[in-house]
Every structure is written in structure tokens, then in C-alpha cells.
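Asker: Here's a sequence, model it:
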Amino acid sequence: MQRDRSWLRPLAGLVILGVLVWRIGGGAFVDGLRHVDARSVAAAAAIAVVTTVCGAWRWVLVARGLGSELSLRSAVAACYRSQFLNVTLPGGVLGDVHRGVRHGRDGGDVSRGVRSVVWERSAGQVVLLGLTLGAVLLLPSRLQPGGSPVATMVLVAGTAALVGVVATRRRPWGRTPAVPPGPLAQVSRVLRVAIADVRHGLLGRHTWPGVVVVSALVVVGHVATFVLAARSAGVEAPVADLVPLALVVLVAMALPLNVAGWGPREGVAAWVFGVAGLGVAGGVATAVVYGVMSFVAALPGAALLVVSRRGGPRTPTALPPEGAVRG
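Answerer: Model (predicted):
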């Protein structure tokens, strides 16, 4: 029987936080909390409305490409619930698992529901990684003196994030047969399903332009929130210097190694702010403020979770995949 090692991921986040406290003390964390103010938190929550709607629309596009009907209203509610679970539970991905499974059950196909979330999240990470590499390598910034190691870290972290998204959220691609097929047959089937999903769910002519645009808008919203957090934490660097730092931290945040969002965000923020000459403490304080902003912005998800428990199941609906409709 295979052992469950999922507990190792949040443990990694705790280790990162422990090392930070050991090296720089707890003052930077306390400092970040002191700099949180109501006006900045309200502004971050308003930005989060836009990013949540954009992320939900990306999911709608991917789900419909895979042949699963999903309304924008339902997607927005599910995304808010997902965000709240992600910022309150270890690992930072259980909310996405929840919305994928729930959507699959509502549509009568759990596998397709989970896959829609996997590909939606993966598409967002690809766009984020592309924008980050472009910003780090091409834009003049404080990271250029150490551009090579920073770019390498971004590439490695982005690849690991993509693998983590798929591995953490993976579920059986179809019904389990009575007799398990051989390893090669299983791999072949997974590849066939994955190729079909990418072709119809991501690269369909009615899907990929919208996915790219809304993914870029989501990144812009998160970067704006990070800059707002930096200003609240007392970091006075120009916005042009903060944007590449924010993008690098966002890539690290995608790693499923956190404890309710905490861990890699603070560790990488400390490192990249130090590389940029803005001070390790400033990076930690910014990450802490960003964490508080993210938690407050996700609070509507808590109310939606309570309301959803009182509601009955929705009628399952499904559409044929885009490729089947258009030949």
C-alpha cells in the first residue's frame, strides 16, 4: 500500500517560515502586520473581485472546451470558495480540488470536472511564467545584476509549479476497469486524454485567445496587489522595480508547498528583495501584508461555503467537446 506523503508539502512551508524566523527574527513578520491598514485592504479586495471574475471566466472557457457547461456566476462563486479554502488549509490547493470535484459531480463526470480545473490552473501558470521570464530577462530592473540565477530560479520554480498543479490535483482520468491495465496502456490512455484536453480545452479557436487575455489580467491584478502591499509595508522603490519582484514571488506562490498560503511566498520575497537591494525584512513585510490582503479578499468564500451547504444539487448538464461540435 502506497503511503500518503501529502503532509510533506505543508511541512516544507513550515520549514521555510522557521528558517526565516531563525535568520532574521520575528520582527519583520510583526512589522508587516503593523503596516496593514483598512484602506489598502479594501483596495486589494476590490482588485480581487476583478481577478476572481477573470479567473472564473478562464475556467468557464476551458470547461466549455472540454464539453462541460459552466455559467460565469457559478464559476465566480466556486472560485471564491476555492480561494477561501486555499488560504485557510494546508497545501494551498485543496480549494481547487474541491471546486473541480464539485463541478464534476454537478455535471455527472468528476474526471472531466477535475481536469477542467487542472488545465485552467495550468494555463494560468504558463502565462504567468512567460510574463515573469520576459520581465526578468528583458526589462531593466534591480534583478539584472543577478539576472541569470533569478531567471533560472523562475524557470525551475515555474516548472515545479506546473508539475505540482497537475500532480496535486490529479484524479483518475476515467472509470476504473475491473482489471487494471498494464503500465504502458495506462500511460498511453493518460496521454491520449491529455492531448485531447489540450486540443479542445485550451487550444480551441474559441478558447485560447480568451484564456491568454484573462490570464494576463489575473497576473496584472496580483502584481498590483503586491505593489500595494509593498507600499503599505513602507517599501518606496519605484513600481518598475517592484513589478519583476512581484512576478517572481507569484511564481513561487504557485508551488503547493505552503501552509494556507504561507511559506514559499515569504521565503522567495525575502530572497528576491535581498538580491534587488531592497532589504530582506522589506520582502518579508511585503509578503505578510500580501497574505493578510489575500485572506480578507477571500472571506466572501466563507459565506458562500455556508450558503452552498444549504442548497440542493444542481441539475447535471454537459456539452460535447468543442472538437466534436465543430468536427
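Asker: for the chain, what spans make up the strands?
Answerer: 90-91, 258-259 (DSSP state E).
Asker: In terms of secondary structure, what does the first one contact?
Answerer: Just to be clear, that refers to strand 90-91. On a contact count with 3 or more CB pairs under 8 Å, 6 or more residues apart in numbering; DSSP states H and E, strand 90-91 meets helix 8-24, strand 258-259. Placement of C-beta: from N, CA and C, glycine included.
Asker: So for it, mean pLDDT?
Answerer: Averaged over strand 90-91, pLDDT sits at 74.
Asker: before we move on, what about stretch 279-291?
Answerer: Rounded mean pLDDT across stretch 279-291 is 91.
Asker: just to revisit the earlier point, would you mind reformatting the strands of the chain (as a markdown table) and adding columns for mean neighbour count and distance to Val284 while you're at it?
Answerer: Shown next, in a markdown table, are the strands of the chain (neighbours: other CB atoms under 10 Å; distance: least, CB to CB, whole Å):
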| stretch | mean neighbour count | distance to Val284 |
| --- | --- | --- |
| strand 90-91 | 22 | 21 |
| strand 258-259 | 24 | 15 |
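Asker: I'd like those laid out as CSV, including distance to Gly210.
Answerer: Putting these into CSV (distance: least, CB to CB, whole Å) gives the following:
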stretch, distance to Gly210
strand 90-91, 29
strand 258-259, 29
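Asker: now for those strands, which one comes closest to Val110?
Answerer: The closest of those to Val110 is strand 90-91. By CB to CB, the value is 19.8 Å.
Asker: partners of that closest one, with directions?
Answerer: If you go by DSSP bridges, strand 90-91 pairs up with strand 258-259 (antiparallel).
Asker: these two touch, right, Leu228 and Ala297?
Answerer: No. The pair Leu228 / Ala297 is not scored as a contact, 11.4 Å apart, by CB atoms under 8 Å.
Asker: joint contacts of those two?
Answerer: 44, 47 (CB atoms under 8 Å, 6 or more residues apart in numbering).
Asker: Neighbour count for these two, which is higher?
Answerer: Ala297 (24 against 21; other CB atoms under 10 Å).
Asker: so what's the more buried one up against?
Answerer: Ala297 makes contact with 44-45, 47-48, 83 under the criterion CB under 8 Å, 6+ apart.
Asker: Kindly recompute the last result at 7 Å.
Answerer: 44-45, 48 (CB atoms under 7 Å, 6 or more residues apart in numbering).
Asker: Please tell me how far it sits from Phe84.
Answerer: 10 Å (CB to CB, to the nearest Å).
Asker: Gly130 now?
Answerer: 28 Å.
Asker: Settle it for me: which of these two has more neighbours?
Answerer: Set side by side, Gly130 and Phe84 show more neighbours around Phe84, with 22 against 15, by other CB under 10 Å.
Asker: I figured that one hits Val296, correct?
Answerer: No. Using CB atoms under 7 Å, Phe84 makes no contact with Val296, being 10.7 Å away.
Asker: centroid residue for this protein?
Answerer: Ala254 (5.0 Å; CA atoms, centre = their mean).
Asker: Distance-wise, check it relative to Arg112.
Answerer: 23 Å.
Asker: cool, Leu139 as well?
Answerer: With CB to CB as the criterion, Leu139 and Arg112 are 39 Å apart.
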